[in-house]
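> could you look at this predicted model? Sequence included:
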Amino acid sequence: MIQRVIVLTSGKGGVGKTTTTANLAVALARGGHKVVAIDADIGLRNLDVVLGLENRIVYSLVDVIEGSCRLKQALVKDKRVENLFLLPAAQTRTKDAVKPEQMKALCDELREDFDFVLVDSPAGIEGGFQNAASGADEALVVSTPDMSAVRDADRIIGMLESLGKSPIRLIVNRLRPNMVREGNMLDVSDVLDILAIDLIGVVPEDDNVVTSTNKGEPLTLNSTSPAARAFDNISRRLIGEEVPLLDVESLASTGFMARIRRAFGFKG
Amino acid sequence: MSSEEAILLRSNGSDLRLIVAEGLSRERIEGELTRVASEAQSLLRDAGVILDFQGRSIDASMLRCVLERLVWPSGMKLLSWMTLDVASQEFLRRSGFVVGQPKREASRRKSSPPPSCLLFRSLRSGQRLEHEGDVVVVGHVNDGAEVFASGNISVWGRLQGIVHAGYEGDDGARVIVAHMEALQVRIGRRVSYMDRGAPWWGSPVLIRVDGESVLVEEFVI
Ligand SMILES: Nc1ncnc2c1ncn2[C@@H]1O[C@H](COP(=O)(O)OP(=O)(O)OP(=O)(O)O)[C@@H](O)[C@H]1O
Ligand SMILES: [Mg+2]
């Protein structure tokens, strides 16, 4: 077994950590891996909603750490996909309810039973990020392609490096090729130029993400929308498969890309 | 990584510099510190030692770990802590430790020029390098990173962060940058604001104080 603990984080808030965690967790589980997603954004419980498991929560991460319940009791099993579990956040606690040593012990305990432990963390400029990251070996940094998000991501990458996390890889989320084209956004190479870490995937802006969040059904459950395919590819790269980056051309058949192509002035 | 390069001991004039490799996991550090404390005890006893953690952050538990496993058992004389992480620098200063290159005594200062600092890496947002002497960064200085030098500063990559050359008040210090994209540069007691639209933006530049003003010139070799 591979048994990897991966923290998903970002510099700025609201760039898509939770969305990414949910979609990767589902994609990996569908790929036959045993996965647990931990909602370590304590006090802002929403991974459960994105995964559509909010009604089934009994205990939380903090209950486990305080010894109010056993770890197995707190894990929520997903009924739609084999091998997918959620360890929910406590809604009422502050972000320092969990100490780094406790988080590390918890991740190590989960590592025994799971191939992948994905930790959805608070944004790095908030307190609580270091606690959430303390049990992880690897990190996935999510950033949108705008200057302020990239600058904050740079800071978090420095912190992750200084905590000895490796590898630290980048996901560029909500890319809008037409915006790049118009010079309103950085393109992926600009982002990589500044952050100088390995890119594991690019996820396009996709309206399906919003509807899927509202329904509590991550796209990787069944969709073939552009974002679903991007998340799926990232999950395959995570397990070491070589999957070429989704570029603008390879998405040409979808409605989304047809729109982009028109914006670019391509035919057909 | 082999255990030989995990922790490096280097002589630093009359002192020793102990460098803890940045990629080392927390567990490895604990083991390595204990190993170094026992294996290099004759070398470390009573020696002045600078602990260099490179870009690593140092929190309360790391601090305790280093004191308990290395500093106290080895009998060394801890001179200072070095880390590029600003939050850690502040934490260590608040705890009463010397941070950065220890200040040289006035007598030694006059006789020999200060050593220069050659940094083979980029500095990210939230990282700061302070040095008494010249600094050469063979890498980028990103937006939100800072370099302070009592002497000259040269940046071989892109400069987007803040540099302060001659921070002890030397208006004669210079800044040389391969790819200039910083909105502000400080030399001696002067602060100069840069213009994104300037013809040299993104180019190699030499920056120096000329009379009352800060002069930026495109730099050609
Ligand atoms: N690729 C995408 N296309 C369109 N919308 C997206 C995409 N990724 C995320 N979103 C939307 O952006 C919003 C923020 O996403 P999400 O909650 O995952 O961010 P977060 O980084 O976890 O935020 P926080 O820092 O608050 O925890 C959500 O409404 C989500 O639906
Ligand atoms: Mg979130």
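Yes, it's here. Ligands and ions are numbered 1, 2, ... in the order given.
> partners of the most centrally placed residue in chain B in the sheet?
The centre of chain B sits closest to residue B:129, judged by Cα atoms, centre = their mean, with a distance of 3.5 Å. On the basis of DSSP bridges, residue B:129 is bridged to residue B:147.
> my guess is it contacts residue B:123. True?
Yes - Residue B:129 sits in contact with residue B:123 when judged by Cβ atoms under 8 Å, with a separation of 6.5 Å. C-betas here are computed from N, CA, C, even on glycine.
> okay, and the common contacts of these two?
B:84, B:137, B:146-147 (Cβ atoms under 8 Å, 6 or more residues apart in numbering or on different chains).
> reformat the residues you listed as TSV; add pLDDT and neighbour count.
Shown next, in TSV, are the shared contacts of residue B:129 and residue B:123 (pLDDT from 0 to 100; neighbours: other Cβ atoms under 10 Å in any protein chain shown):
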residue	pLDDT	neighbour count
B:84	92	27
B:137	96	27
B:146	95	19
B:147	96	26
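> can you pull out the helices in chain B?
Secondary structure of chain B (DSSP state H): helices at B:3-6, B:26-39, B:41-44, B:60-66, B:72-74, B:86-94, B:106-111.
> check which residues of the fourth one are buried.
So the one you mean is helix B:60-66. For helix B:60-66, the neighbour count (16 or more other Cβ atoms under 10 Å in any protein chain shown) marks B:62-63, B:65-66 as buried.
> which of these lies closest to residue A:236?
residue B:62 (36.1 Å; Cβ to Cβ).
> who's in contact with that closest one?
B:26, B:29, B:56.
> residue B:205 against residue B:218, yeah?
Yes - if you go by Cβ under 8 Å, residue B:205 and residue B:218 touch, sitting 5.9 Å apart.
> pick out whichever of those two has more residues nearby.
More crowded of residue B:205 and residue B:218, by other Cβ atoms under 10 Å in any protein chain shown: residue B:205, with 23 against 12.
> pLDDT below threshold where in the stretch 101-250 of chain A?
Along the stretch 101-250 of chain A, the model assigns pLDDT under 70 to residues A:125-127, A:180-184, A:246-250.
> got the residues of it near ligand 1?
A:123, A:173-174, A:203, A:205-206, A:209-210, A:213, A:227 (Cβ under 6 Å from any ligand atom).
> list, out of the buried residues of helix B:60-66, those positioned next to ligand 1.
Counting by Cβ under 6 Å from any ligand atom, no member of the buried residues of helix B:60-66 is near ligand 1.
> wait, residue A:196 sits on residue B:121?
No - applying Cβ under 8 Å, one finds residue A:196 not in contact with residue B:121, separated by 10.1 Å.
> and for residue 196, nearest residue in space, chain neighbours not counted?
In the absence of a named chain, this looks at chain A. residue B:122 (6.4 Å; Cβ to Cβ, 6 or more residues apart in numbering or on different chains).
> wait, chain B
Nearest one to residue B:196, counting by Cβ to Cβ, 6+ apart, is residue B:183 at 7.5 Å.
> same deal with residue B:161?
Of all residues not flanking residue B:161 in the chain, residue B:145 sits nearest, at 3.8 Å (Cβ to Cβ, 6+ apart).
> dump the residue contacts of residue B:44.
Applying Cβ under 8 Å, 6+ apart, one finds that residue B:44 lies in contact with B:16, B:36-37, B:74-76.
> and of the residues of the stretch 101-250 of chain A next to ligand 1, the nearest to residue B:43?
Closest to residue B:43, out of all of these and judged by Cβ to Cβ, is residue A:123, at 44.5 Å.
> secondary structure class for that closest one?
coil (DSSP: H, G, I helix; E, B strand; the rest coil).
> isn't it up against residue A:16?
No - Residue A:123 is beyond contact range of residue A:16, at 11.0 Å (criterion: Cβ under 8 Å).
> name the residues contacting each of those two.
residue A:10.
> so what's the residue nearest to the centre of chain B up against?
Taking Cβ under 8 Å, 6+ apart, one finds B:84, B:117, B:119, B:123, B:135, B:137, B:146-148 in contact with residue B:129.
> name the element the nearest residue to residue A:7 once chain neighbours are set aside belongs to?
Distance criterion Cβ to Cβ, 6+ apart; nearest residue to residue A:7, sequence neighbours excluded, is residue A:136 at 3.7 Å. Using DSSP states H and E, residue A:136 is not contained in any helix or strand.
> quick check, nearest of the shared contacts of residue B:129 and residue B:123 to ligand 2?
Using Cβ to the ion, residue B:84 comes nearest to ligand 2 of the shared contacts of residue B:129 and residue B:123, at 28.8 Å.
> not counting its neighbours along the chain, what's nearest the residue of chain B found nearest ligand 1?
Proximity of chain B to ligand 1 (Cβ to the nearest ligand atom) peaks at residue B:125, 18.1 Å away. Excluding the flanking residues, the one nearest residue B:125 by Cβ to Cβ, 6+ apart is residue B:144, at 2.8 Å.
> the closest residue to residue B:124 other than its chain neighbours: neighbour count?
Excluding the flanking residues, the one nearest residue B:124 by Cβ to Cβ, 6+ apart is residue A:158, at 3.5 Å. A count of neighbours around residue A:158, defined by other Cβ under 10 Å, yields 26.
> same question for residue A:177.
Neighbours of residue A:177 using other Cβ under 10 Å come to 23.
> mind putting the contacts of residue B:129 into a markdown table with distance to residue B:103?
A markdown table is the format used below for these (distance: Cβ to Cβ, whole Å):
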| residue | distance to residue B:103 |
| --- | --- |
| B:84 | 19 |
| B:117 | 14 |
| B:119 | 20 |
| B:123 | 22 |
| B:135 | 16 |
| B:137 | 22 |
| B:146 | 19 |
| B:147 | 18 |
| B:148 | 14 |
